[in-house]
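Asker: what would the 3D arrangement of this be:
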Amino acid sequence: MRPVRLTLQAFGPYPGRVVIDFRDAVEAGLFGIYGQTGSGKSTIFSAMTFALFGEAAKAEQDAPSLRSDHADPDVMTEAEFVFDIGERRYVVLRRPDQMRPKARGEGETRSAHEAFLFDATGRSLDDITDAARGKILAEKKVRDVDAAVVEMLGYGSEQFRQIVLLPQGRFEKFLSAKTKERLEILRELFDVSLYEKLMANLKSAADEAERQVREERALCIRQLAAEGFESTDALISGIEAATAKCAELRAHEEAKKETAEAAEKALRQAEAIEEKFAAAEKMRERLLVLEERKDDVEALAEQVRQAECARGLIDVEERVKDAEREVGEAETTRENTKRTAEEAKEEADKATKALRSEEERAEEVETLRRKSDELERYGRILEAAADSHQEVETALKEQRDADNAFQAAKVQLTELQEKRTSKIAALKIAREAETKRAEIEGRRTELDKRQLAAQNYEDALQDVATANGAIEEQLRMSEAASGKAEKVRETFEIAERNLASAQALHLATRLEAGSPCPVCGATEHPAPATGEIGSAGLDKVFRESREAWLAADREARQAGEALVGAQATLEERRKRLSALETPEERAEVIAAQIGREDAALAALGPWVDILAAEAGIEELALQIEELERKRDELRDCFDERRNKATEAKAARDGRLAEVPENLRDVPALAATQKKVTGSLESLQAARTAAEKALNSAREKALGAVKDLESADKVLAGCKTRHQKAVEVFRTKLAGAGLTAEAFQSLKPAVETLDEDRETVETYRREHKSASDSATDAASAIEGMSWPDLEALRETHQTHGEALGNATEERVAAQGHVDHLDRLRKGMEETLRKLEEAEAASGPLRGLAALVNGQNSQRLTLETFAIGAMFDQILEAANLRFGPMTNYQYSLEREMENGGRGKRGLGTQVFDAHTGKSRATSTLSGGETFIAALSLALGLADVVEAASGKVRLDTIFIDEGFGSLDTENGSGTLEQVLQVLNSIVRQNRAVGLISHVPLVQEAIPNGFYVRKGMSGSSIEERGLV
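Answerer: Residues are numbered from 1 along each chain as shown. This is a model prediction of the structure:
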């Protein structure tokens, strides 16, 4: 950023308008801003900072306090700054919050903060005026202008004060700061949040990886313990023993299977024979049922034969019915035609009478015709007077409009006057309310903070209590589950022993001398088990008790895991509670206070914009003044138009003397004429209609007579056709050998003829099939006897149950082997994955430890990154510090703890004359200033290099040059100026703020601020 022109008005110690043109000073490279202490040198930079960011050079100074105490009340405080960034030129204009005299009346009103940003690229400085500043980029809304400026420059107000304007004492404080203080300062200058997030993310990821491995190993140990094994080796031994037991049970199962298959085969053969006997019996019964229906089917067959004869006569009968229906329709048509002829004759007689009646009203028609002619004459008179009538109506309408406008203006004026009075009273109340509102809102904000802290503490306390309750409940459930599992296990062991004893006794009963034992294979059996066999249900009890034990054991393990989780939750909540401060009051007490404050706030009513209210009252005053003037104009207009309407009405009434009073209105005359014309036309139309009706009635009567003659002929023809159809039907009945009664009785059979025929044919096919099947089934069982299925089924069931028991024992044993084998494989896979995960997370855990300070220097990544940036700052600072001190001194970082600890951010100075390093506090006043100045310049270089967007074309130094002398050697003014000139040669302008005469002599060009009784002024200085 390169300054071009700064314009101040009523700003700080400058009461009038001051223009500072930086072009020559910046072109010279090194320039000064001189003046007495308190004259307003630093105010120039406050104006520059305010124009850009809306803040003063000192962050603690409020913008409204920047207004000059010496300025006239009518002069607005503002700052305009023209600056270049690269090849582009911008203008920013700001006016702070300030009070100004009211435009009308007495008192003051507040003007809100305003800001404007323009793009003036391509414009010369002389072309940038108040009326033409360039293309508007943002205006009015302060936040929009602030955001645009920060985006343009690449830094905000705080960074501007740190790297563009180097204020007094800031970097001497930075030079002597300890590691912790300097760390906080550098955090403000450089964004190291990325490293802080990286540290947190790495630590979180490493902790998560370690936690997962630890929890998985603990889970493996619990799984082994749940199965009764203390190690994976014990698990492998258990699998081998279970496998051997399973092989024994499989051999026993195969023997039972062969016996069961033989019993099943015998049973299936017997069931096949029994099915043949049942089939033969079924066929015989089916044939008997069909024989019982034979007579009915034969009768149905005879009915089918007669129905086939009757079906041929249906069409003939239909023709008789059609002819009979035609006769009836012809008779109906003849009667209707006769009635129509009689009605037509009566209508002709009525039409003759109606015409005679209309002919008798001829005199009435003539009277109406004369009345119509008279009304037409009146119409011509009104038409001649139409212009004067229109003039009267127009004048009356203008009179009414003027009166309405005048009355409306009076009402509106009264309303505005009442509204202004009401607003003035409301404004007074609003000012008092806003003062109270500010006090209440301040107390309300503080109460919100206290309530939130108290509520958080109470919630954390409640969470701890809830977690304690949860642990007690989980402990009770865990103990109950463990006790239940122990009892169920004892029940399972008893059932297992009972089942084993019963199985041994069952095997002993089948031992034979010389035959091998199915268990041990020995042929001698000296002491077989004895006793009474009673194993029914033992196997079921064994399986149920085993399932119950497994379920209870699983429940006990789950309860234990839940207890561990509840304990972890309690610990986490206790830590969170310990991190909170104990509040002085409970949240509900604070809430009650907040409620009272809210009630007080609500009682004040809604917020009122005071400035807008004042502006509204001023606007109402202007409106009232304008409305009073308008009211007087409307009153004069009304009087003028009333006189005009009276004159027009008198002229019109003289012209209409011949026309009756009730017909002088054109609409009334037109209505009367329309009524007379309508009556005349009605009488004429009635006579015409009567004539037409008579002619129509006579023609209709002649047509009706002709229609009657035609209907008589049609009726005679229909009767002839009906007689012939009856004779044909009687002949057909006789030929079929049927009477009329028999034909009618066969009609239902005709409708079901096809179904009945199909029934007869189906019966005959079924009877033949049943007879053949009965013969074949009897031949199939010839020479056979019924088998004893019940005995065979009992034998099959006995062997099947024995096989099922053997299979269940083998499946249970195999399931146990498979379960243990899956457990072994899963355990091996889990342990392998845990070893891989532990090895894979090793680098992550190591890196997380390193970046979080577990290293030889005990440095976190964030501190290391800031230290690396600080090294760059020191390196850039020494490029200035060396030449300023004849290369006697250089700045370096010091090692904490005597060089054996971590390398911090403390600084020390290396003295080339002694070859030793010492604290910066041992430097003289001038040497300290040079060191601080070098550090500030180095910081500016690093910030500009670190951001490609930030450009520091010009920097300002507001430091104590009075500590420097003019002698040769370290700390001299000459050497400092040489270094500053070297900066100028690097295309960077430097402005010095000083009251030291020697600095003014060395750098004569720049500006001089003169302090007077009525404010300060600025003079531009050039090269002497």
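
Asker: how many residues are close by Gly87?
Answerer: Actually, residue 87 is Glu. It isn't Gly. Taking other Cβ atoms under 10 Å as the criterion, the count of residues near Glu87 is 7. Backbone N, C-alpha and C define where each C-beta goes, glycine included.

Asker: that one reaches Arg2, doesn't it?
Answerer: No. Counting by Cβ atoms under 8 Å, Glu87 stays clear of Arg2, with 10.9 Å between them.

Asker: for Ser482, give me the pLDDT.
Answerer: In the prediction, the pLDDT value recorded for Ser482 is 80.

Asker: ok, now which ones touch it?
Answerer: Each residue near Ser482 by Cβ atoms under 8 Å, 6 or more residues apart in numbering is listed here: Ala556, Ala559.

Asker: please confirm that it is located within a strand.
Answerer: No. Under DSSP: H, G, I helix; E, B strand; the rest coil, Ser482 sits outside any strand and is assigned helix.

Asker: how close does it sit to Glu326?
Answerer: Between Ser482 and Glu326 the distance, using Cβ to Cβ, to the nearest Å, works out to 106 Å.

Asker: can you tell me the SS state at the closest residue to Arg88 other than its chain neighbours?
Answerer: Nearest non-adjacent residue to Arg88, counting by Cβ to Cβ, 6 or more residues apart in numbering: Thr121, 4.6 Å away. For Thr121, the assignment made with three-state DSSP gives coil.

Asker: surely Thr121 touches Asp84?
Answerer: No. Look at Thr121 against Asp84 with Cβ under 8 Å: they stay out of range, at 9.0 Å.

Asker: mind listing the shared neighbours of those two?
Answerer: Residues touching both Thr121 and Asp84 (Cβ under 8 Å, 6+ apart): Tyr90.

Asker: between those two, who's got more neighbours?
Answerer: Between Thr121 and Asp84, counted using other Cβ under 10 Å, Asp84 has the larger neighbour count: 18 against 14.

Asker: so which helix or strand takes in the more buried one?
Answerer: Here Asp84 is covered by strand 78-85, with elements defined by DSSP states H and E.

Asker: next SSE downstream of that strand?
Answerer: Downstream of strand 78-85, the first helix or strand assigned by DSSP H and E is strand 88-95.

Asker: okay, now the sheet partners of the helix or strand immediately after that following strand in the chain, with direction.
Answerer: The element immediately downstream of strand 88-95 (helix or strand, assigned by DSSP H and E) is strand 98-101. Counting by DSSP bridges, the strands paired with strand 98-101 are strand 108-111 (antiparallel).

Asker: now do the strand it pairs with, average pLDDT.
Answerer: Confidence over strand 108-111, taken as the mean pLDDT, stands at 84.

Asker: which residues are contacting it?
Answerer: Under the contact criterion Cβ under 8 Å, 6+ apart, strand 108-111 has outside partners Met76, Arg95, Asp97, Gln98, Met99, Arg100, Pro101, Lys102, Ile610, Leu611, Glu614, Ala615.

Asker: swap the cut-off to 7 Å and go again
Answerer: The contact list for strand 108-111, computed with Cβ atoms under 7 Å, 6 or more residues apart in numbering, reads Arg95, Asp97, Gln98, Met99, Arg100, Pro101, Lys102, Leu611, Glu614.

Asker: same question, stretch 448-456
Answerer: Contacts of stretch 448-456 from elsewhere in the structure, counted by Cβ under 7 Å, 6+ apart, are Leu580, Glu581, Pro583, Glu585, Arg586, Ala587, Ile590, Ala591, Ile594.

Asker: what's the closest of these to Ala47?
Answerer: Set against Ala47, the nearest of the contacts of stretch 448-456 by Cβ to Cβ is Ile594 (43.2 Å).

Asker: skip the chain neighbours and tell me the closest residue to Ala774.
Answerer: Met283 (4.1 Å).

Asker: what mean pLDDT does the helix or strand containing the one you found get?
Answerer: Met283 is located in helix 232-292, with elements delineated by DSSP H and E. Per-region confidence: helix 232-292 scores 81 on mean pLDDT.

Asker: other SSEs contacting that helix?
Answerer: Counting contacts by 3 or more Cβ pairs under 7 Å, 6 or more residues apart in numbering; DSSP states H and E, the secondary-structure elements packed against helix 232-292 are helix 753-780, helix 789-851.

Asker: how far does it sit from the chain's center?
Answerer: Averaged C-alpha coordinates place helix 232-292 at 65 Å from its chain's average position (Cα atoms, centre = their mean, to the nearest Å).

Asker: could you point out which element follows that helix?
Answerer: Counting by DSSP H and E, the next helix or strand C-terminal to helix 232-292 is helix 294-311.

Asker: what's the angle from the very next helix or strand once past that following helix to helix 294-311?
Answerer: Where DSSP H and E defines the elements, the next helix or strand beyond helix 294-311 is helix 314-359. Using axes from the mean of the first three to the mean of the last three Cα atoms, to 10 degrees, the direction of helix 314-359 lies 50 degrees away from that of helix 294-311.

Asker: in this structure, which helix or strand is least confident?
Answerer: For the chain, the helix or strand with the lowest mean confidence is helix 170-176, at a mean of 64 (criterion: mean pLDDT, DSSP states H and E).

Asker: Arg893: which element?
Answerer: strand 889-895.

Asker: which strands or helices does that strand pack on?
Answerer: Secondary-structure packing of strand 889-895 (3+ Cβ pairs under 7 Å, 6+ apart): helix 861-884, strand 903-911.

Asker: lowest average pLDDT across those?
Answerer: Across the helices and strands packed on strand 889-895, strand 903-911 gives the lowest mean pLDDT, at a mean of 78.

Asker: which helices and strands sit right next to that strand?
Answerer: In this structure, strand 903-911 makes packing contacts with helix 179-189, helix 861-884, strand 889-895, strand 916-919, judged by 3+ Cβ pairs under 7 Å, 6+ apart.

Asker: list the strands paired with the third one, with their directions.
Answerer: According to DSSP bridges, strand 889-895 has the following sheet partners: strand 903-911 (antiparallel).

Asker: all set, thanks.
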